[in-house]
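Visitor: The amino acid sequence is not available; the structure is as follows:
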């Protein structure tokens, strides 16, 4: 069994229960019935995890044996739930037992006392496994894929990257993404902050806040429909508000979403700003309220006017919140897909990196191009993250 | 803080507490009067107006008879009012694809609710480890997890999809043969997993900010009483960080509910959420505004209800998560 080459039609083996069989079983139920069942199962798993964490550091033979058994049983059960093929069972068991032994030995030797490493692993394992398979591994594999052709078989060097910057779709997706990432965070943050300050302690503040926040709760698909209606273009009587105003003043109606260059892109950015200002407003409003009022008063006594107080007291007080808001919106604007998909479908040079990537991948099955677009997108995000990392470091030093 | 030089000790001049309080109130009133100047009020009203008009227009359209809304602007209702509920009925019972909007509403619920629970549980476990367990390279790993936001969702789609469908094979040894879920009626497993993964970096970051701020005396006291990490996490951290958990739950709910891309890629055709039905509503029927508008309002109802229900946690939790440091 160990030495035999892999058999073609080998059947998967499991403990009788595997992730696959569980998901198949639950998948045959109604959507609403699934919710309590999956929550219960998940709750039980987390419960067992916490129980093991709780028992791990205790002294005594019983707890020692619980730890030993868990060290070996968890990897074995995990692999069996993954349902390996029959001819792989031996390898898989060997890997699992080896893992268990390493875990046990490392934990036994850990300086901070019994069960220390064991606890740490149990706390971090669910997130670590998910991040590994869902973000780290895909990032690495996409990086390599970007140097291969359409099918992913033959190495083409930098050809995909050259395509990104020379082909009209690729070129416009880069240009438009830059416009998005510059325009959207600035406007959303400035308007959100201005609004938060203007209505601070005003009458009916709650109601006024809800008006601006509501677009944030609307999906980009819904927002796209709302604004497509605003931008609607036709001959004769207009039903879109924007063209109704234009024709009211005697100008011919404008096909807004087909107007290039850049007009349609900016109109799409407007939709995004409209939607994200609510988020900026809520966070910044909370931050503004957290600035100690004494500081404002002191500045007032010193003779600072409203603008000077805002500039010298409020802004420094809410700096870290502004950083969080700008970064979140900037990253969101780089990853934008839905608005473009619903409103223009990337036509008339309104495409962006994140949309074009899915487009290349789904419609043209062109994985090399898609991967190169992803890497370009990735490079755009790096400065944003770097900026944030520097900020986090600074905050830690203050603490 | 750069502004500490502006802080003045409030009762150096020997005023009584009541006097100080009265003065503070007076100052606050004065400040309020100066701040809510006419210009600011007008600007705020203008912003609120521009932000509401697009939604309001579609809202009016959703109640107008179909033929009317295709030929005349929605503002004509002010002179010529004519309303119907037929659009909502039509939108709920008809759908762009094989799914009606009513069916995909259930799918949206079945996708969103478990994802919020998964993401919160997994992220808070890791956030606790970062906050209250010491280990080598903690800061570095924490920043690395935060930096994973760098990976665009789009980048992870293909590798993750192939992992789900084709499995994992190392050196010809199949460790995980893939999930066979395409033919299952309502299979949300892949969507759940994908959404949970994509939520993690931000969730860990925000929850960590909050959990790390819990006073260490509280944790120490529990430890002296004999509680281990498991009990501290379950009995103390979870209740104490409820505002942060609730506020992130609201955000995550809104994001997952409104997501189009992840669901389109990972969900089988019978398990698609409302956003997909709504998107195909515009695709297959062209611009039938009376149906699209009603559909749009049906989809936005749930996140609005969730937001209003949990609003107070939202602001409190975000305050702690975003402004502390």
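Guide: Yep, it's here. Keep in mind that what you see is a predicted model, and the values were worked out from it rather than measured.

Visitor: Residue A:293 and chain B, how far apart?
Guide: Residue A:293 sits 7 Å away from chain B, going by C-beta to the nearest C-beta, to the nearest Å. Where C-beta positions appear, they are placed from N, C-alpha and C, glycine not excepted.

Visitor: Check the burial of that residue by counting its neighbours.
Guide: 13 (other C-beta atoms under 10 Å in any protein chain shown).

Visitor: can you check residue B:276 too?
Guide: 25.

Visitor: Can you verify my assumption that it contacts residue B:101?
Guide: No. When contacts are counted by C-beta atoms under 8 Å, residue B:276 is not listed as touching residue B:101 (10.4 Å).

Visitor: how close does residue A:89 sit to residue A:189?
Guide: 56 Å (C-beta to C-beta, to the nearest Å).

Visitor: So between the two, which is more surrounded?
Guide: Per other C-beta under 10 Å, whichever of residue A:89 and residue A:189 has more neighbours is residue A:189, with 24 against 18.

Visitor: Report pLDDT for residue 192.
Guide: I went with chain A, as the question did not name one. According to the prediction, residue A:192 has pLDDT 92.

Visitor: nope, chain B
Guide: 92.

Visitor: In contact with it, which residues?
Guide: Shown in contact with residue B:192 (C-beta atoms under 8 Å, 6 or more residues apart in numbering or on different chains): A:38, B:111, B:114, B:115, B:118.

Visitor: And the helices in the stretch 101-250 of chain B?
Guide: B:101-132, B:138-147, B:153-166, B:189-211, B:216-224, B:229-231, B:238-240, B:242-258 (DSSP state H, counting those that start in this stretch).

Visitor: How far does the very next helix or strand once past the last one sit from its chain's centre?
Guide: Under the assignment DSSP states H and E, the closest C-terminal helix or strand after helix B:242-258 is helix B:261-266. Averaging C-alpha positions (C-alpha atoms, centre = their mean, to the nearest Å) puts helix B:261-266 17 Å from its chain's average.

Visitor: Mind giving me the packing neighbours of helix B:261-266?
Guide: helix B:153-166, helix B:189-211, helix B:274-284 (3 or more C-beta pairs under 8 Å, 6 or more residues apart in numbering or on different chains; DSSP states H and E).

Visitor: For the last one, name the packing helices and strands.
Guide: Other elements packing on helix B:274-284 under the criterion 3+ C-beta pairs under 8 Å, 6+ apart are helix A:220-230, helix A:338-343, helix B:101-132, helix B:242-258, helix B:261-266, helix B:289-323.

Visitor: distance of residue A:122 from residue B:129?
Guide: For residue A:122, the distance to residue B:129 - C-beta to C-beta - is 9 Å.

Visitor: of those two, who's got more company?
Guide: The neighbour comparison of residue A:122 against residue B:129 (other C-beta under 10 Å) goes to residue B:129, with 27 against 23.

Visitor: Could you report the neighbour count for the closest residue in space to that one that isn't next to it in sequence?
Guide: Among residues not flanking residue B:129 along the chain, residue A:123 sits closest, at 4.0 Å (C-beta to C-beta, 6 or more residues apart in numbering or on different chains). When neighbours are counted by other C-beta under 10 Å, residue A:123 registers 25.

Visitor: before we move on, which element is residue A:123 in?
Guide: Using DSSP H and E, residue A:123 falls in helix A:116-131.

Visitor: how big is the angle separating that helix from helix B:138-147?
Guide: Angle, helix A:116-131 to helix B:138-147, by axes from the mean of the first three to the mean of the last three C-alpha atoms, to 10 degrees: 20 degrees.

Visitor: buried set for helix A:116-131?
Guide: A:116-128, A:130-131 (16 or more other C-beta atoms under 10 Å in any protein chain shown).

Visitor: Look through the stretch 51-200 of chain B and state the residue closest to chain A.
Guide: Chain A sits closest to residue B:197 of the stretch 51-200 of chain B, with a gap of 3.1 Å, by C-beta to the nearest C-beta.

Visitor: My guess is that residue contacts residue A:136. True?
Guide: No. Between residue B:197 and residue A:136 there is no contact under C-beta under 8 Å: 10.3 Å.

Visitor: between these two, who's got more neighbours?
Guide: Taking other C-beta under 10 Å, residue B:197 and residue A:136 do not tie; residue B:197 has more neighbours (27 against 15).

Visitor: returning to what we had before: tell me the angle the helix holding residue A:123 makes with helix B:101-132.
Guide: Using the same axes, to 10 degrees, helix A:116-131 lies at 150 degrees relative to helix B:101-132.

Visitor: Does anything pack onto the helix or strand that comes right after helix A:116-131? Which helices or strands?
Guide: Using DSSP H and E, the next helix or strand after helix A:116-131 towards the C-terminus is helix A:137-145. Packing partners of helix A:137-145 (3+ C-beta pairs under 8 Å, 6+ apart): helix A:367-398, helix B:153-166.

Visitor: got the buried residues for stretch A:26-36?
Guide: A:26, A:27, A:29, A:31, A:34, A:35.

Visitor: What are the contacting residues of it?
Guide: Residues outside stretch A:26-36 that contact it (C-beta under 8 Å, 6+ apart) are A:37-38, B:106-107, B:109-110, B:113-114, B:181, B:184-189, B:271.

Visitor: Can you say which of those residues are buried?
Guide: A:38, B:106-107, B:109-110, B:113-114, B:181, B:184, B:186-189, B:271.

Visitor: quick one: residue B:241 from residue B:86, how far?
Guide: Taking C-beta to C-beta, one finds residue B:241 at 47 Å from residue B:86.

Visitor: Pick out whichever of those two has more residues nearby.
Guide: residue B:241 (23 against 14).

Visitor: what sits against the more buried one?
Guide: Counted by C-beta under 8 Å, 6+ apart, residue B:241 has contacts B:124, B:207, B:210, B:211, B:214.

Visitor: which pair in those residues spans the largest distance?
Guide: Using C-beta to C-beta, the pair of these lying farthest apart is B:124 and B:214, separated by 12.2 Å.

Visitor: so what's in contact with those two at the same time?
Guide: In contact with both residue B:124 and residue B:214: B:237, B:241, using C-beta under 8 Å, 6+ apart.

Visitor: hmm, back to that, could you list which of the buried residues of stretch A:26-36 belong to helices?
Guide: A:26, A:27, A:31, A:34, A:35 (DSSP state H).

Visitor: helix/strand/coil for the residue nearest to residue A:388 when sequence neighbours are not counted?
Guide: Spatially, and ignoring its direct neighbours in sequence, residue A:388 is nearest to residue A:327 (5.4 Å; C-beta to C-beta, 6+ apart). Of the three states, residue A:327 takes helix under DSSP: H, G, I helix; E, B strand; the rest coil.

Visitor: Distance of residue A:327 relative to residue A:185?
Guide: 8 Å.

Visitor: Same drill for those two, tell me which one is more crowded.
Guide: Each of residue A:327 and residue A:185 has its neighbours counted (other C-beta under 10 Å); residue A:185 has more, 24 against 18.

Visitor: Can you check the pLDDT for the more buried one?
Guide: 93.

Visitor: And residue A:312, by the same measure?
Guide: For residue A:312, pLDDT reads 83.

Visitor: Residue A:302 is in contact with that one, correct?
Guide: No. Applying C-beta under 8 Å as the test, residue A:312 and residue A:302 come out as separate, 9.9 Å apart.

Visitor: in a helix, that's where residue A:59 is, yeah?
Guide: No. The assignment for residue A:59 (three-state DSSP) gives coil, which keeps it out of a helix.

Visitor: Give me the secondary structure label for the spatially closest residue to it that is not a sequence neighbour.
Guide: Excluding the flanking residues, the one nearest residue A:59 by C-beta to C-beta, 6+ apart is residue A:114, at 6.8 Å. Three-state call for residue A:114 (three-state DSSP): coil.

Visitor: Next, the contact list for residue A:114, please.
Guide: By C-beta under 8 Å, 6+ apart, the contact list for residue A:114 reads A:56, A:57, A:58, A:59, A:67, A:107.

Visitor: Which member of those is positioned nearest chain B?
Guide: residue A:57 (5.9 Å).

Visitor: what's around the nearest residue to the closest one once chain neighbours are set aside, how many residues?
Guide: Counting by C-beta to C-beta, 6+ apart, residue A:57 lies nearest to residue A:115, which is 4.1 Å off, once chain neighbours are set aside. By the criterion of other C-beta under 10 Å, residue A:115 has 27 neighbours.
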